[in-house]
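Student: need a 3D model of the sequence below.
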Amino acid sequence: MEYSTLLLFIPTILLVSSTPGLCMTLAFSLGLRYGYKKTLWMMIGELAGVFLVVTTSLLGVAQLMLKHPDWFAVLKIVGACYLFYVALQLWRSASRLEQQTCNTVVKGKDLIIQGFVTAVSNPKGWAFSVSLFPGFLNQSNPLAIQIATMVSIFLISEFMFMSIYALGGNTLRRFLAAGDHLHRLNQGVAILIAGIAIWLLFSF
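Tutor: Okay, the predicted model is just below:
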């Protein structure tokens, strides 16, 4: 990957990763509920999902999706339905959040699956990969090295900002633990995720 391209790619990726999208919102919410250490399980699944999405897009499946917009529409509907499910789960559990601590029993496997499915079913992630990453590829240079470099930088950036969001959620959880505002905040996150789902359904 050329040096000039790398200088443009890195700040672009940092800017995109820092925005409060679905995965960052999920990291914040889980950090709020369970603490940073347990949220790491979700991050493992999310990074695996991001790796799959970005790599698949760069290897050419993205072009197939562009030629068949109906497939992309189906993906958006499936993603929106999953977001509604996540929002519903957050809303139902919100009334019990004030009783939860970082010692709450939660299976790492479930968090890994949640992170992976969230990343893979997020149409914005696919759209981002389709529209942005291919533009940084240079056909005259070895594609394997370029793809490995771009994916590695993106995964590092995603992990760094998910950690920031999760630690922010954990800090806020401790601050609000003495009152009854914790579950209200989690309800707000649920509403936000549901709003994203509605936006996906009407963004055809």
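Student: now stretch 160-171: how far from the chain's centre is it?
Tutor: 13 Å (CA atoms, centre = their mean, to the nearest Å).
Student: buried sites along it?
Tutor: 161-170 (16 or more other CB atoms under 10 Å). Using the backbone N, CA and C atoms, a C-beta is placed for each residue, glycine as well.
Student: mind listing what the residue most central in space within the chain touches?
Tutor: Nearest to the mean C-alpha position of the chain, by CA atoms, centre = their mean, lies C23 at 2.3 Å. Applying CB atoms under 8 Å, 6 or more residues apart in numbering, we find C23 in contact with 46, 50, 115, 118-119, 122, 125, 158, 162.
Student: quick check: of those, which lies closest to V78?
Tutor: Using CB to CB, N122 is the member of the contacts of C23 that lies nearest V78, at 10.4 Å.
Student: quick one: the helices in the protein?
Tutor: 3-18, 22-34, 36-56, 62-67, 69-94, 108-120, 123-131, 143-176, 182-201 (DSSP state H).
Student: could you check the angle the first one makes with helix 36-56?
Tutor: Yep, that's helix 3-18 we're talking about. 130 degrees (axes from the mean of the first three to the mean of the last three CA atoms, to 10 degrees).
Student: swap in the second one?
Tutor: Interaxial angle of helix 22-34 relative to helix 36-56 (the same axes, to 10 degrees): 160 degrees.
Student: ok so, going back, so which of the helices of the chain is the most packed in?
Tutor: helix 22-34 (a mean of 25; mean count of other CB atoms under 10 Å).
Student: now that helix: mean pLDDT?
Tutor: In this model, helix 22-34 has an average pLDDT of 83.
Student: L58: neighbour count?
Tutor: 20 (other CB atoms under 10 Å).
Student: once you drop chain neighbours, what's closest to it?
Tutor: I147 (5.0 Å; CB to CB, 6 or more residues apart in numbering).
Student: about what we covered before: okay, the contacts of C23 in CSV with distance to L30 and pLDDT next?
Tutor: Output for those, formatted as CSV (distance: CB to CB, whole Å; pLDDT from 0 to 100):
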residue, distance to L30, pLDDT
E46, 10, 94
V50, 16, 91
G115, 9, 91
T118, 11, 86
A119, 14, 88
N122, 16, 78
G125, 18, 76
E158, 15, 91
M162, 10, 92
